[in-house]
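**Q** heads up, no residue letters with this:
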DNA sequence: ATGAAATATTGTGTATATCAAATATCGATA
DNA sequence: TATCGATATTTGATATACACAATATTTCAT
């Protein structure tokens, strides 16, 4: 039963971790006066990437039509620009504006900084283990999702 | 720069982990023909707990009025029962039905099983350290959230 | 007894999301 | 090259998820 209790302790940990991560996202979105959807959408961009509607929708698990409207908001707020893909005029290529790029960089920096702070509270000798454990966790989760879909 | 790269690896991990956990929740909710809100609400119950509206709302970060309606759904689907608290008739005590209890048990079991699988991929001598590291991560995250609110 | 605080519910407005239909484009083929 | 089927985006209609304010009931302290 040792195995079992370790597993359930781990289960409780990931459960709480999830809740806290979500809260953290809500907080950061508010901080930058973005809706959560807009925030998550921007977070998908590398600073010089150019994505189309459908790709973003798939990565975010949203319908393309929803994305159109989220993008409407981001265009209005001048974070992104739309332009027709010259290679395939059906595609709308979505690019970050200068304002968008600097926000994305800022967000990435903030995000990493949070984890830096967090790591400062943890003994450096445990850092590698933590990364390993989380990697395993992620792999197992992905495996589980693939299995069940 | 070691510190920095560890932090950004951790940042990427928690980011992906969050996305996958959310997907898992969506999947499990659908599987049992529950809305996500209903699913998360049920997950809060220990099998023989009895909670009131406000407590659940607080734990879920939702308004009490929202909870009333989520509970309406769960009552209609026969997972929970409402009864007036005899000690304080303002309270509605919410209990799991037999059907509700068995679902909650099943969900908990599934959840622990996933983590058992994960632990099988990790050397048992490291399990305790892993739990410790994850606990630290959670504590650090909670501290960060408290600081910024 | 009475007024203030706590609790759940109901009414209403807004944000979030989906689905179906319309439009434009592409690519293949007859 | 004219046409048909597939694909991408957008628009309009609609459903769902949520919060806030008002209401009703109950408790509790005075």
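**A** Sure, I can see it. Just so we're clear, the structure is a prediction, and the values are computed from it rather than from any experiment. Residues are numbered from 1 along each chain as shown, chains lettered A, B, ... in the order given.
**Q** which non-adjacent residue is nearest residue A:9?
**A** Excluding the flanking residues, the one nearest residue A:9 by Cβ to Cβ, 6 or more residues apart in numbering or on different chains is residue B:131, at 5.7 Å. Bear in mind the C-beta positions are built from the backbone N, C-alpha and C, glycine included.
**Q** is it true that that neighbour touches residue A:7?
**A** No. Because the distance of 10.2 Å does not satisfy Cβ atoms under 8 Å, residue B:131 is recorded as not touching residue A:7.
**Q** now do the buried residues in the helix or strand residue A:22 falls within.
**A** Secondary-structure assignment from DSSP states H and E places residue A:22 in helix A:2-31. The neighbour-count check on helix A:2-31 (16 or more other Cβ atoms under 10 Å in any protein chain shown) flags A:6-11, A:13-14, A:17-21, A:24-25, A:28-29 as buried.
**Q** stretch A:30-45 too?
**A** Of all the residues in stretch A:30-45, those buried under the rule 16+ other Cβ under 10 Å are A:34, A:37, A:38, A:39, A:40, A:41, A:42, A:43, A:45.
**Q** hmm, which two among those residues are most spread apart?
**A** Among the buried residues of stretch A:30-45, the pair separated by the greatest distance (Cβ to Cβ) is A:37 and A:45, at 14.1 Å.
**Q** and the nearest residue to residue A:133 once chain neighbours are set aside, what element?
**A** Counting by Cβ to Cβ, 6+ apart, residue A:133 lies nearest to residue B:130, which is 4.5 Å off, once chain neighbours are set aside. When elements are assigned from DSSP H and E, residue B:130 belongs to helix B:127-148.
**Q** can you check residue A:87 too?
**A** In this structure, residue A:87 sits in neither a helix nor a strand according to DSSP H and E.
**Q** equivalent analysis for residue A:82, please.
**A** Element membership of residue A:82 [criterion: DSSP H and E] is strand A:80-84.
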